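Enquirer: need a structure here:
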Amino acid sequence: MLPVVLDTNVFVAALRSGGGASRLVLRRALGGDLQALFGNALWTEYLDVMGRPVWGDASTVEERQVVLAALASKARWVTVYYGWRPNLPDEGDNHLIELALAGGAHAIVTHNLRDLRGGELRLGGLRVLTPAQCLKELI
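Expert: The predicted model follows:
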């Protein structure tokens, strides 16, 4: 299993669409090809997004909770002991890089490439990929 950090926007896109790369990435994580990493900050963000009005009619709260529970059962919990603070344009995204580094992730999978690639700190081989890039380059 390849460890990756799945940004919440990928989870939302996967459950809002009937197909597409985000849905395939989520299926790969549920199927064991990818291992989602969770830490305190990301888990809190997932729980917060569950209650936001971004879902439309694509899924019910109960369905989203079932999928998140299934993802969590396949995921690996990572404790972040060191804050890198890579100075991303959105301070709220720094935790994704910290989680990826602490968990040895191959990539952060997100639709927010511009902000996550915009930090001042360069972190070696850590990749930031869209779901389509993840499917093409990692699997």
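Enquirer: Name the surrounding residues that touch the helix of greatest length in the chain.
Expert: The single longest helix within the chain, with elements called by DSSP state H, is helix 61-74. Identification of contacts with helix 61-74 by CB atoms under 8 Å, 6 or more residues apart in numbering yields 6, 11, 15, 26, 29-30, 32, 35-36, 38, 46, 50, 55, 59. Just so you know, the C-beta spots here come from the backbone N, C-alpha and C atoms, and that holds for glycine as well.
Enquirer: following it, which helix or strand comes up?
Expert: strand 76-77 (DSSP states H and E).
Enquirer: That following strand pairs with which strands?
Expert: Note on strand 76-77: by DSSP bridges, its sheet partners are strand 34-38 (parallel).
Enquirer: what about the helices in the protein?
Expert: 8-16, 21-31, 40-50, 61-74, 94-103, 113-116, 131-137.
Enquirer: Where does pLDDT dip in the chain?
Expert: Applying pLDDT under 70 to the chain flags residues 84-86, 89-90, 118-124.
Enquirer: If we use 80, what do you get?
Expert: Scanning the chain for pLDDT under 80 picks out 18, 82-92, 115-124, 139.
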